[in-house]
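> just the structure for this:
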Amino acid sequence: MDTAAPDASAGLVFREATDADVDTLVALIESAYRGDSSRAGWTTEADILAGQRTDPEGVLAVIKSPDSRLLTVERDGRVVACCQLEHRGTHAYFGMFAVSPALQGAGLGKVIIAEAERQARETWGATEMHMTVISVRDDLIAWYERRGYRRTGRMTPFPYGDERFGIPQRADLQFELLVKALA
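The predicted structure is shown next:
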């Protein structure tokens, strides 16, 4: 998972999502995190959350927001990954990151996060990238730490009772803020 294959970036096309991408992006995000299909990759949340990860309204809101962009990644004309970038003053927020489960572990995520950081720095002059990760996701947090993100210990509650974000399978879920300086 840590080393990018020499061709991990080969044939990738990065573009901003449009309204026409909503259904494809919802399906991609769901496949990367929820249900049995997510178990093909290593980013699954199926053991800690049931239900949906996102919905068409949430994806469309990111696409329509003037301070956000939903970066869509294609290979051979097929959407294989996405991530949200949101301009928040001196920093950018990174979220809604999904890589097709069949392509996880081959270095694609590493290429995408580096491109997202470059775009945030060059487009908005962001000096930091922020993200929130479910604090019990030790493997995912470790992956981000290897990319230069640091744990802050700043926690926010999981929205228990709001099924738009999933149905928790345990009572100890919360989000931790991770931060990386963008040089």
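> quick one: secondary structure of Trp42?
Assigned by DSSP: H, G, I helix; E, B strand; the rest coil, the conformation of Trp42 is coil.
> helices and strands around the longest helix along the chain, which ones?
In the chain, taking DSSP state H as the definition, the longest helix is helix 108-124. Counting by 3 or more C-beta pairs under 8 Å, 6 or more residues apart in numbering; DSSP states H and E, the packing neighbours recorded for helix 108-124 are strand 12-16, strand 68-75, strand 78-88, strand 91-99, strand 128-134. Quick note: C-beta positions are derived from backbone N, CA and C, even for glycine.
> so what's the gap between that helix and the chain middle?
Counting by C-alpha atoms, centre = their mean, to the nearest Å, helix 108-124 is centred 12 Å from the centre of its parent chain.
> give me the contacts around that helix.
The contact list for helix 108-124 (C-beta atoms under 8 Å, 6 or more residues apart in numbering) reads 4, 8-9, 12, 14, 71, 73, 80-81, 83, 85, 87, 92, 94, 97, 99, 126-127, 129, 143, 147, 180, 182.
> what residue is smack in the middle of the chain?
The centroid of the chain falls nearest to Phe97 when counting by C-alpha atoms, centre = their mean (1.5 Å).
> can you tell me the strand partners of the helix or strand bottoming out on mean pLDDT in the chain and which way each runs?
The least trusted helix or strand in the chain, going by mean pLDDT, DSSP states H and E, turns out to be strand 49-50, with a mean of 92. In the sheet, strand 49-50 lines up against strand 167-168 (antiparallel) (DSSP bridges).
> so whatever helix or strand comes next after the strand it pairs with versus strand 91-99, what angle?
Using DSSP states H and E, the helix or strand that follows strand 167-168 in sequence is strand 174-181. Angle of strand 174-181 versus strand 91-99, following axes from the mean of the first three to the mean of the last three C-alpha atoms, to 10 degrees, is 110 degrees.
> just use 53 as the starting number from now, easier for me
Renumbered: residue one is now 53, and that last one reads strand 226-233.
> ok, back up a step: CA atoms only for the longest helix of the chain, dumped as PDB, please.
What follows is helix 160-176, C-alpha atoms only, in PDB (Å, rounded to 0.1, in the frame of the first residue of the first chain):
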ATOM      1  CA  LEU A 160      -3.300   5.500  -7.100                       C
ATOM      2  CA  GLY A 161      -4.400   7.200  -3.800                       C
ATOM      3  CA  LYS A 162      -0.900   8.600  -3.300                       C
ATOM      4  CA  VAL A 163      -1.000  10.200  -6.700                       C
ATOM      5  CA  ILE A 164      -4.400  11.700  -6.200                       C
ATOM      6  CA  ILE A 165      -3.700  13.200  -2.800                       C
ATOM      7  CA  ALA A 166      -0.500  14.700  -4.100                       C
ATOM      8  CA  GLU A 167      -2.400  16.300  -7.000                       C
ATOM      9  CA  ALA A 168      -5.100  17.600  -4.600                       C
ATOM     10  CA  GLU A 169      -2.500  19.200  -2.400                       C
ATOM     11  CA  ARG A 170      -0.800  20.800  -5.500                       C
ATOM     12  CA  GLN A 171      -4.100  22.200  -6.700                       C
ATOM     13  CA  ALA A 172      -5.000  23.600  -3.300                       C
ATOM     14  CA  ARG A 173      -1.600  25.300  -3.000                       C
ATOM     15  CA  GLU A 174      -1.500  26.700  -6.600                       C
ATOM     16  CA  THR A 175      -5.200  27.600  -7.000                       C
ATOM     17  CA  TRP A 176      -6.000  29.000  -3.500                       C
END
